[in-house]
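Chemist: need a structure here:
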Amino acid sequence: MNKSELVDIVADKAGMPKAQVEKVLEGLISTVMDEVKRGEKVTIPGFGAWSQTQRAARTGRNPRTGEAVQIPASKAAKFTVGAKFKEHVKS
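Modeler: All right, here's what the predicted structure looks like:
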């Protein structure tokens, strides 16, 4: 499913115009990205939570040469699925 298909389905279920649903979806995505970038955790109970993780600097290997390579510390986004979502997918 792509974004436009999601907007169509949500608009039908909510009885709202597609343009309005798309604005809400864009606002949600933008807000989640901004908050996670700031280091905040965004949680939607039953659905899941987005957060930021820190990856420590480490030594890796170049697969071609086997040479040791320093990999710098970095930040990454993480999504944790909520319990209600997990149960829904299982059944």
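
Chemist: name the element the most centrally placed residue in the chain belongs to?
Modeler: The C-alpha lying nearest the average C-alpha coordinate of the chain belongs to F79 (Cα atoms, centre = their mean; 5.2 Å). Secondary structure assigned from DSSP states H and E places F79 in strand 74-81.

Chemist: Show me what counts as buried in stretch 3-20.
Modeler: V7, A11 (16 or more other Cβ atoms under 10 Å). All C-beta atoms are positioned from the backbone trio N, CA, C, and that covers glycine.

Chemist: got a list of contacts for it?
Modeler: The contact list for stretch 3-20, computed with Cβ atoms under 8 Å, 6 or more residues apart in numbering, reads M1, V21, E22, L25.

Chemist: What number of residues are in the vicinity of the last one?
Modeler: A total of 14 residues lie near L25 under the criterion other Cβ atoms under 10 Å.

Chemist: List the neighbouring strands of the strand holding F79 plus their orientation.
Modeler: If you go by DSSP bridges, strand 74-81 pairs up with strand 48-55 (antiparallel).

Chemist: how far does the strand holding F79 sit from the chain's center?
Modeler: Put simply, strand 74-81 sits 7 Å off its chain's centre (Cα atoms, centre = their mean, to the nearest Å).
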